[in-house]
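Undergrad: Attaching a predicted model along with its sequence, questions to come.
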Amino acid sequence: MLRKINVNIINGNTAIIEILGRGCLKKVKNNVKTIFMSYL
């Protein structure tokens, strides 16, 4: 029982990290685009 709960917590954490990571990547991409456009 405890093992199952631990696995679920780990899976939830990795899912949250993945979502945060994707959000950060999108922000970085948008920042790069704006910087690139300002140079052009």
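TA: Structure received. Numbers count the residues shown, from 1 in each chain.
Undergrad: what mean pLDDT would you report for the host helix or strand of Ile19?
TA: Taking DSSP states H and E as the criterion, Ile19 maps to helix 2-39. Helix 2-39 carries an average pLDDT of 77.
Undergrad: From Lys27, how far out is Tyr39?
TA: Distance, Tyr39 to Lys27, by CB to CB, to the nearest Å: 19 Å. Bear in mind the C-beta positions are built from the backbone N, C-alpha and C, glycine included.
Undergrad: Looking at the two, which one has more neighbours?
TA: Taking neighbours as other CB atoms under 10 Å, Tyr39 and Lys27 compare with Lys27 leading, 10 against 6.
Undergrad: quick one, what contacts the residue nearest to the spatial centre of the chain?
TA: Central residue of the chain (CA atoms, centre = their mean): Gly21, 1.6 Å from the mean position. Contact criterion CB atoms under 8 Å, 6 or more residues apart in numbering gives no residues in contact with Gly21.
Undergrad: one step back: quick one: the helix holding Ile19 to chain centroid distance?
TA: Chain-centre distance of helix 2-39: 0 Å, with CA atoms, centre = their mean, to the nearest Å.
Undergrad: Next, the buried residues of it.
TA: Along helix 2-39, not one residue counts as buried under the neighbour rule (16 or more other CB atoms under 10 Å).
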